[in-house]
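1. quick one, structure for this:
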Amino acid sequence: RSTGPTPSFSCPSLSSPSAANASVRRGGVMACRVAAMSACLPFFQGPPAVLDLPVRSTPAGAASPDLLCCALSTAIGAVEALRLPSPSRAGSGGAACGGAASEELRRSLAQVHRALQAAAAAAAAAQPGVDAVAPCANASGCPKASAVSSSQLAEGRRLLAGLLEADVPARLVACIGALDFEARKDAMRLFTDLLRHALPLEAGEALVAYFASHPTIVQLLLEGCGRARVFAHCAEMLRDCARFPALVAALLEGGVAPRLIDLAGHPSFELSTEAFATLRELLLVHKEVAVRHVMSEFEAFFGLFHSSLLAAETDYVVKRQALRLLADVLLDRTFCEVMVQYVADERFLQIHMNALRDSSRSIQLGGFHIFKIFVANPSKPRKVHSILHRNKDGLLKMLSTFSAEAAQDGILHQDLMAVERVLRSLEAPSKRQSSGNGL
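-> Numbers count the residues shown, from 1 in each chain. The predicted structure is shown next:
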């Protein structure tokens, strides 16, 4: 570290509120960011120093959306400038960016977070029957509630639009692996804020359009999900994308499901659990969107799901989580079409019959909750019917071992009785029995 004098730094576009606002008026937030970075580049080539970007307050006591966007964009630019010559992708190795650049980024992220929170609260308060703002301790000095709510709401919308214009979400994701732990948490929080508050701030369409024009965001998040350093942050950000049906469709069409299935089988318990949680969100939050995707990719989806998560050599914890997720999907009414096609396949029946013979009781019970759907199907295809009839004695013997668990679980007891009743009455399939399916 050089012991010479610290070079002076003055960012013309941010030196005062009037100058910053003038810069924004001349070319918007992006122009402000470019102007700020042009002035800052010599500084970053010299010895590290404290980056002090003034964010002046408006008379009302809060920084304007334009100033917040400029300050955050410049702070992200500082991190980008300090990264290694060969920029690492989201979550990749390398030393974390710390010191002044990281601290300044955290300050800017916190300011934007507070502004978005206030705007979202104003949007919620604007709903009928809800007070616009909480009572003020000093009533004489308080502006009218409706004026405060309206002003915060308008500034929130302007702030969110400015953040998208400055390309903040994509830039944060691209450099999240270069941040220290606390800065990564703050970056994830702001990414989450944008997704959670877009609808209350009436910016949902703009946000979806932004993600559609930046497909690299999803790819970087998927890569980050497989890296020990940032997998939890990237998985959380992917789950937040499930708030929007259009984003869920884009994620699924972009190949997110196969990648998450691969990660769900990862030997790391923490990474596997995050992958399962993310896959569950994508499948079960906006179910109509997920059904269309699963039906269009039926063979590929379940082929990978079974081979990666339900193979004989699969880890116990992975197999148990996979059976639970699969049962939740197949037993959901929205996925009825998927279930009908699933229980018509004799290969899938054999997978769950093998689960009934697993050494783990939990796996046996997990397999039973899917096996019972095959038995309950009143229009069994000939091959499925034949397998059940051929093995019904062994199956009845196996199911009788669940009596202890059934005695403590009324629903399980009813399911067992129903399955045993159907199996006992099962006749050999007729020669004319259809090979079709249906429930």
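2. now residue 179: phi and psi?
-> Phi and psi for residue 179, reported as degrees, to the nearest 10, are phi -90, psi 160.
3. start the count at 30, not 1, going forward
-> With the count now opening at 30, the last piece we talked about shows up as residue 208.
4. which non-adjacent residue is nearest the most centrally placed residue in the chain?
-> Nearest to the centroid of the C-alpha atoms of the chain, with distances taken as Cα atoms, centre = their mean, sits residue 268, at 1.4 Å. Using Cβ to Cβ, 6 or more residues apart in numbering and skipping the chain neighbours, the partner closest in space to residue 268 is residue 310 (4.6 Å). Glycine gets a C-beta too; all of them are placed from N, C-alpha and C.
5. was I right to think that neighbour contacts residue 271?
-> Yes: using Cβ atoms under 8 Å, residue 310 and residue 271 qualify as a contacting pair, with a distance of 4.3 Å.
6. sorry, back to before: SS state for the residue nearest to residue 268?
-> Of the three states, residue 310 takes helix under DSSP: H, G, I helix; E, B strand; the rest coil.
7. distance of it relative to residue 412?
-> When distance is defined by Cβ to Cβ, to the nearest Å, residue 310 is 35 Å away from residue 412.
8. residue 347 too?
-> Remark: distance between residue 347 and residue 412 (Cβ to Cβ) = 29 Å.
9. one step back: ok, residue 310 and residue 412, which is more surrounded?
-> Between residue 310 and residue 412, counting by other Cβ atoms under 10 Å, residue 310 is the more crowded of the two (20 against 16).
10. stretch 307-321: which residues count as buried?
-> Along stretch 307-321, these residues count as buried under the neighbour rule (16 or more other Cβ atoms under 10 Å): 307-316, 318-320.
11. hmm, I was thinking of stretch 427-440
-> Of the residues in stretch 427-440, those buried under the neighbour-count criterion (16+ other Cβ under 10 Å) are 427-428, 431, 435.
12. kindly report the same for stretch 379-390.
-> Counting neighbours by 16+ other Cβ under 10 Å, stretch 379-390 gives 380-382, 384-385, 387 as buried.
13. residue 278: which of these is nearest?
-> Closest approach to residue 278 among those (Cβ to Cβ): residue 380, at 28.7 Å.
14. wait, the closest one sits on residue 340?
-> No: taking Cβ under 8 Å as the definition, residue 380 is not a contact partner of residue 340, at 9.2 Å.
15. where does the stretch 280-429 of the chain have low pLDDT?
-> When the per-residue scores of the stretch 280-429 of the chain are filtered using pLDDT under 70, no range remains.
16. could you pull out the helices in it for me?
-> 285-293, 298-313, 316-325, 327-338, 345-359, 365-371, 375-385, 390-405, 411-419, 421-428 (DSSP state H, counting those that start in this stretch).
17. what's the closest of those helices to residue 232?
-> Set against residue 232 and scored by Cβ to Cβ, the helices of the stretch 280-429 of the chain come closest in helix 316-325, at 20.6 Å.
18. counting contacts, what elements does that closest one pack onto?
-> Other helices and strands packing on helix 316-325, by 3 or more Cβ pairs under 8 Å, 6 or more residues apart in numbering; DSSP states H and E, are helix 274-282, helix 298-313, helix 365-371.
19. what angle do that helix and helix 285-293 make?
-> Here the directions of helix 316-325 and helix 285-293 differ by 80 degrees (axes from the mean of the first three to the mean of the last three Cα atoms, to 10 degrees).
20. thinking again about what came up before, from the buried residues of stretch 427-440, which is closest to residue 287?
-> Proximity of the buried residues of stretch 427-440 to residue 287 was ranked by Cβ to Cβ; the top entry is residue 427 with 33.2 Å.
21. residue 383 is in contact with the closest one, correct?
-> No: with contact defined as Cβ under 8 Å, residue 427 does not reach residue 383; the gap is 11.3 Å.
22. before we move on, the earlier item: of all the buried residues of stretch 427-440, which comes closest to residue 247?
-> When the buried residues of stretch 427-440 are ranked by distance to residue 247 (Cβ to Cβ), residue 431 comes first, at 42.8 Å.
23. make TSV out of the buried residues of stretch 379-390 and add distance to residue 249.
-> Written out in TSV, the entries for these read as follows (distance: Cβ to Cβ, whole Å):
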residue	distance to residue 249
380	34
381	37
382	42
384	36
385	42
387	38
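24. mind putting the helices and strands packed on helix 316-325 in JSON lines, distance to residue 251 included?
-> What follows is the helices and strands packed on helix 316-325, written out as JSON lines (distance: least, Cβ to Cβ, whole Å):
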{"stretch": "helix 274-282", "distance to residue 251": "9"}
{"stretch": "helix 298-313", "distance to residue 251": "10"}
{"stretch": "helix 365-371", "distance to residue 251": "24"}
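25. out of the ones you listed, flag the one nearest residue 224.
-> Among the helices and strands packed on helix 316-325, the nearest to residue 224 by Cβ to Cβ is helix 274-282 (8.2 Å).
26. what does that closest one contact?
-> Applying Cβ atoms under 8 Å, 6 or more residues apart in numbering, the set of residues contacting helix 274-282 from outside is 237, 240-241, 244, 247, 267, 270-271, 311, 314-315, 317-319, 321-322.
27. follow-up on the earlier one: nearest to residue 404 among the buried residues of stretch 427-440?
-> Relative to residue 404, the closest of these is residue 428; by Cβ to Cβ it sits at 9.9 Å.
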